[in-house]
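Colleague: below: sequence and its predicted model.
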Amino acid sequence: MLLRAGNGGRGSASFRHEPFVPRGGPDGGDGGRGGSVWMRATTDLLDLASYGRRVRWQAEPGGDGAGGRKTGRRGADLSLDVPVGTVVMDEDGALIADLDHPGARHEVVRGGAGGRGNVHFKSPTRRAPDHAEPGAKGQELMVVLDLKLIADVGLVGPPNAGKSSLLRALTAARPKVADYPFTTLNPELGVMEVGGRGIVLAEIPGLVEGAAQGAGLGLRFLRHVERTRLLVYVIDGAAADPVHDLAVVRAEVASFSALVADRPHIVVVNKMDLPEARRSRTRRKRTYYVSAKTGDGIPKLAENIAEALAHAPKLPAPAPRRVPAKLAPVSSALTVQRFPWGYRVSGDRIERLVQRTDLDSDSALQGFQVELDRIGVSAALESAGVKAGDTVRIGPTEFEYQP
C-alpha cells in the first residue's frame with residue numbers, strides 16, 4: 001500500500017487593509033498542517049480483504065492561510081482500521097508497528113507543516129515582505145501489511161489429524177470438516193470457555209515434511225503460531241506411524257522458529273474411537289487421548305489446556321518500533337557532487353529549504369540566498385570549483401549559480 005500524508009497549506013502574503021490604517025503591514029496567516037495517515041487495530045475486522053483492491057491511500061491537505069493572520073484549517077487525518085495482530089512493515093521488511101491489541105494506533109506517515117505567512121518575515125529592514133512559504137510536502141511511504149492471528153493456543157498437526165473436529169469439540173467454532181487432507185485452507189479461530197474464562201484457540205492448517213521450506217500449506221500459516229503461548233500437537237492415533245508424525249511436525253515448527261518450538265506444549269492423540277488407534281497408547285507425559293467425534297476425553301482435555309496455559313510464560317514484548325529513514329529527523333549535513341552537467345547539492349535541510357521557498361518571489365529568493373550563505377552551501381560549492389553560470393541542482397530544482 002502507498003500511504004501519502006497531506007501537504008501543508010500555503011502561507012498567505014496579504015496586507016492589512018482598513019480605513020484610516022494607511023500602512024497596515026503584513027497580516028498573512030499560516031497554512032494548516034496536512035493530515036496524517038494512522039493505522040488502528042480493531043476487533044471488528046478479521047482479515048485484510050478490504051485493502052486488497054485499493055493501493056493508494058491519502059490524507060487531506062491543509063488549508064491555505066488568509067489575511068487577518070487567519071491560519072488555514074488542518075487537513076483531516078486518515079485512520080485505517082486493521083485487524084488486531086496486523087504488522088506494518090516497509091518495503092524492505094523492517095518493522096514499523098505491531099498492532100497487537102485492540103485500540104493500538106500508530107502514525108505511519110505525518111502530514112506536512114503549513115507554510116508561514118508573510119507576517120513572519122517582517123523585520124526592521126523588510127517592513128513589507130511580499131512573500132510567504134508554500135506548505136511542506138506530506139510524508140509518503142510504501143508499506144506492507146501482514147496479519148498474524150492473536151490466539152492463546154495453537155492447534156498444530158499433520159493433515160487429516162482431526163484438528164478441525166477437535167476445534168469444534170472444544171469451542172463453538174464451525175470449521176469445514178471432511179475426511180481428506182488439507183480440508184482447512186485458512187487458520188480458524190474458536191473460543192473455549194473454561195471456568196468462566198475465554199481461551200482463544202487457533203487451528204493451523206496441516207503441516208507436512210518440508211513445510212518450513214514451503215512444502216504444502218505450512219509455510220504460509222506457520223507464522224500464526226508465533227503469537228501463541230501454548231502449542232497443542234494434534235496427531236492421528238489411527239495413522240500408520242503416529243510417533244513419526246509427531247516428530248515431523250515438531251521438527252517443522254523448530255525449523256520455522258526455535259523460539260516457538262521451545263514454548264510449552266501438550267500432545268493430543270485424536271480418533272481414539274477407531275480400533276486401529278488403540279495401539280498408539282503410551283505412557284508419554286503431557287499426552288492426552290481423545291475422540292473429537294464422540295467427545296470422549298474432551299472435557300478433561302479442556303481443563304488440562306487451561307491449566308497448562310495458566311502456567312505458560314507471557315510472550316516477550318514486540319521488537320521496538322523502527323521509524324523508516326524517510327521519517328527521520330532532518331539532518332544538517334550536506335554534500336556537493338560534480339557532474340558533467342554541473343553540481344548537485346544533497347542534504348535534508350537544504351532540500352527542505354528549497355521545498356519551503358516561494359521561488360517565484362524576488363524577496364523570497366533574496367532570503368533564500370542569505371540562508372544558503374548562512375548554512376554553508378555557497379562555501380561548499382566554491383570549494384568544489386563552481387563558477388558563475390554553472391548549473392546547480394538541489395532536489396528536483398535547478399539554479400544558475402551567480403555569486
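Modeller: On my side now, so go ahead. Numbers count the residues shown, from 1 in each chain.
Colleague: going forward, measure contacts between C-alpha atoms and count neighbours the same way
Modeller: Will do.
Colleague: ok, residue 274 touching residue 238?
Modeller: Yes - between residue 274 and residue 238 there is a contact under CA atoms under 8 Å: 6.8 Å.
Colleague: need the overlap of contacts for the two.
Modeller: Counting by CA atoms under 8 Å, 6 or more residues apart in numbering, no residue touches both residue 274 and residue 238.
Colleague: higher neighbour count, the two?
Modeller: Applying other CA atoms under 10 Å to residue 274 and residue 238 shows that residue 238 carries more neighbours, namely 20 against 11.
Colleague: which residues touch the more buried one?
Modeller: Residue 238 neighbours (CA under 8 Å, 6+ apart): 271, 272, 274, 275, 276, 277, 278, 280.
Colleague: ok, residue 117 next?
Modeller: By CA under 8 Å, 6+ apart, the neighbours of residue 117 are 10-13, 27-31, 65, 69, 131-133.
Colleague: which secondary structure state does the nearest residue to it once chain neighbours are set aside sit in?
Modeller: Distances taken as CA to CA, 6 or more residues apart in numbering put residue 11 closest to residue 117, at 4.1 Å, once the chain neighbours are dropped. Three-state assignment for residue 11 (DSSP: H, G, I helix; E, B strand; the rest coil): coil.
Colleague: check contacts around residue 11.
Modeller: Contacts of residue 11 by CA under 8 Å, 6+ apart are 28-31, 64-66, 114-118, 132-135.
Colleague: picking that back up, among the contacts of residue 117, which are located in helices?
Modeller: Using DSSP state H, no member of the contacts of residue 117 falls in helices.
Colleague: nearest to residue 41, of those?
Modeller: Distance ranking of the contacts of residue 117 against residue 41, using CA to CA, places residue 31 first at 31.4 Å.
Colleague: per-residue confidence for that closest one?
Modeller: You'll see residue 31 listed with a pLDDT of 94.
Colleague: for residue 204, see how far away the nearest residue to residue 170 once chain neighbours are set aside is.
Modeller: Closest residue in space to residue 170, ignoring its immediate chain neighbours: residue 192 at 5.9 Å, by CA to CA, 6+ apart. Distance from residue 192 to residue 204, counting by CA to CA, to the nearest Å: 16 Å.
Colleague: which one of those two is surrounded by more residues?
Modeller: Neighbour count, other CA under 10 Å: between residue 192 and residue 204, residue 204 has more, with 28 against 22.
Colleague: now that one, nearest residue through space, not along the chain?
Modeller: Distances taken as CA to CA, 6+ apart place residue 187 nearest to residue 204, at 5.1 Å, with adjacent residues excluded.
Colleague: now do the one you found against residue 146, distance only.
Modeller: 14 Å.
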